[in-house]
Structures are given as structure tokens and as C-alpha cells.
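> how would this look folded up:
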Amino acid sequence: MTTPAVAGYRSGFWSIDQEHSSVLFTARHMAVGKVHGRFRRFVGKVFTGETVEQSAVRAIIDATSLDTGSVKRDRSLASSEFLESQTYPTMEFRSSAVHAYDTDFLVDGELAMHGHTKPVRLKLTFNGIIDDPYSGVTRAGFSAHTTIRRREFGLSFDARLPGGGQLVSDQITITLDIEATLDAPEPG
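As a prediction, this is how the structure comes out:
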């Protein structure tokens, strides 16, 4: 398969810009609605190789920074029924391979969460690279998404509705919109 072209592509090490990035999740609620949330704190490094397929990423998410817009729901999600964020305060993703896929890419890796590590595949769009005329830094943009099953990570809360169905879905959609800045070269 031909590797999709990425405007301005260059190899290097990049730091995720938390101020211009988001880590979001969506779960079905009572089989009829969706609840959206985000993690407010995360860090990560991206390496763009000589080719896109030689690239890699590592990101750490602060599980205690979960925010759904409801203090009551956030407490529930942080509790032992779900994330147990006091016991498992971070989640980590490490890539293992990048593959061209149609006009985008697939990023394979492992997600460590709640004491479990499982393989995960992200569908990624490389949005491009630009020299920021305001700050002087070089920026790269990425958008990615995947779906995980929370039970595979030991999140086994399973309240059932009276007519059938789950209070909270097993499938969780994760959406990432990432901007990263090119690290300055090491002196000497």
C-alpha cells in the first residue's frame, strides 16, 4: 500500500502540546444517550521517523483529571466501580507499529489502564506540519480514534436496566486531537 503524503513531513521528536490538544471519551448511557468526557492532564512524545511507518508515540494520561461536566458522575467514574483513579492514577499508551491505511494510518500499540495492558489500534489522520508564525515553533497535528471494551481492562460495573440493556455501555470510544511541537535539537 502506498503511504499517504503528509504536507511538510519531517522526522524528529515532538512534545504533545496539552493546551492545544484533547483526550476525549464517549460512552452510551441507558442505551439511548451518550455521555462525553475528557482528561484534562496528559503528556506525551511523538517520534516521526524517516518514513511515517518508522514513527512512534508514547502518552501518559492522568486518570484523576477526568471531567464529564458532572461532579457526581466524575466521582462515580473515579471510584472502585470504574477507574479507581486513586489506585491507578495514570493510563499509558505505547505504539508498536504504524501502517498506511487508505488515506490515513493505523497505529498499533498497548494501552495500560486499571492494572491491565491490552492491544489497541488507533485510526489516525496526520493533519500536517506547519511553522507557527506567532511562536516560531514547528507544529504537527494528529487526529485519532478507537473503541475499547472497558471489561477487558477490569472495569466490570454492569448495572442493568429494568427492560434490558446496560446503564453504561461496555464499548467506550476514545477520540484524540493532538498538536505537538518539534523539540529543539540538542546542543553540540
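> First-to-last residue distance for stretch 156-164?
Stretch 156-164 has an end-to-end distance of 17 Å (Cα to Cα, to the nearest Å).
> residue boundaries of the helices in this structure?
Applying DSSP state H to the chain gives helices spanning 71-78.
> Show me where it dips below the pLDDT cut-off.
1-2, 30-31, 157-161, 165-167, 185-188 (pLDDT under 70).
> so where do the strands sit in it?
For the chain, applying DSSP state E gives strands covering 12-16, 22-29, 33-39, 42-48, 56-62, 66-67, 90-101, 104-113, 116-131, 138-149, 168-182.
> looking at those, which is closest to residue 6?
With Cβ to Cβ as the criterion, residue 6 lies closest to strand 116-131 of the strands of the chain, at 4.7 Å. Glycine gets a C-beta too; all of them are placed from N, C-alpha and C.
> what's in contact with the closest one?
With Cβ atoms under 8 Å, 6 or more residues apart in numbering as the test, strand 116-131 has contacts from 4, 6-10, 52, 93, 98, 101, 104-111, 137-146, 148, 152-154, 176.
> Let me know the distance separating residue 114 from residue 84.
From residue 114 over to residue 84 the distance is 6 Å, taken as Cβ to Cβ, to the nearest Å.
> whoops, residue 143 was the one
29 Å.
> go on, residue 163?
In terms of Cβ to Cβ, residue 163 sits 30 Å off from residue 84.
> between these two, who's got more neighbours?
residue 84 (17 against 6; other Cβ atoms under 10 Å).
> check contacts around that one.
78, 114.
> ditto for residue 138
Residue 138 touches 10, 129-132, 181-182, counting by Cβ under 8 Å, 6+ apart.
> again, only this time at 7 Å
129, 131, 181-182 (Cβ atoms under 7 Å, 6 or more residues apart in numbering).
> list the contacts for residue 150?
170, 172.
> ok, now the one 5 residues further on?
Contacts here follow Cβ under 7 Å, 6+ apart; on that basis residue 155 touches 82, 114.
> again, only using 8 Å
82-83, 114.
> Compare those residues and tell me which has the most neighbours.
residue 83 (23 neighbours).
> Tell me which residues touch residue 36, please.
Here residue 36 is in contact with 24-26, 68 (Cβ under 8 Å, 6+ apart).
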